[in-house]
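A.B. asks: give the three-dimensional model of this entry:
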Amino acid sequence: AYLMEFLPQCIAALSTNRLLSFHIFLEVLVDLLHALQTNRDLPLVEGTRMVSVDLKDMADFMAVVNNRYVFQTCVQRCKLRIGRERCVLKMTRENWTRTHEKESDTNELALRVQEIIERQKFMQEVIASEGFAANSSGSTGFSTVHV
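C.D. replies: Numbers count the residues shown, from 1 in each chain. Alright, predicted model coming up:
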């Protein structure tokens, strides 16, 4: 389990930064959770099976970033400082130097391509989990999925 310190400040930053949405924040949080799961050396809070993660730097970053794409990809450019009792997420200079980048058509296109890829992955997972296969007449069975 993960104890996300400063999570309320991250959510508060959503209300002050009109470019960010709760949905986008959740996507970034999922990226962070995936990154945390790959690291087996994370310190546990004494007497628990929880890992404490300090998100203060992310909350500060969220308050000033001017580009959704930069925020959506920030986990790729951050560092995780591992202490004896907790981890600290640092946004790094690569993120901070991009806070003033404005939204552009290229960024918007990159966001849309990313959304299409995510939807395609989801549909592939649905198809694989439902066991879709061609029947004896050669047609494929489909069901309605709302994305």
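
A.B. asks: look at the most centrally placed residue in the chain and give its secondary structure.
C.D. replies: Residue closest to the average C-alpha location in the chain (C-alpha atoms, centre = their mean): residue 28, at 1.8 Å. The three-state label given to residue 28 by DSSP: H, G, I helix; E, B strand; the rest coil is helix.

A.B. asks: where's it relative to residue 84, distance?
C.D. replies: 27 Å (C-beta to C-beta, to the nearest Å). C-beta coordinates here come from the backbone N, C-alpha and C atoms, glycine included.

A.B. asks: so what secondary structure elements neighbour the longest helix seen in the chain?
C.D. replies: The single longest helix within the chain, with elements called by DSSP state H, is helix 105-130. With contacts taken as 3 or more C-beta pairs under 8 Å, 6 or more residues apart in numbering; DSSP states H and E, helix 105-130 sits against helix 68-72.

A.B. asks: now for the helix it packs on, which elements pack on it?
C.D. replies: Against helix 68-72 (3+ C-beta pairs under 8 Å, 6+ apart) you get helix 22-37, helix 105-130.

A.B. asks: including distance to residue 96, could the ones you listed go into JSON lines?
C.D. replies: Compiled in JSON lines, these are given as follows (distance: least, C-beta to C-beta, whole Å):
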{"stretch": "helix 22-37", "distance to residue 96": "16"}
{"stretch": "helix 105-130", "distance to residue 96": "18"}
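
A.B. asks: could you list the buried residues of stretch 7-23?
C.D. replies: The neighbour-count check on stretch 7-23 (16 or more other C-beta atoms under 10 Å) flags 7, 10, 13, 14, 17, 19, 20 as buried.
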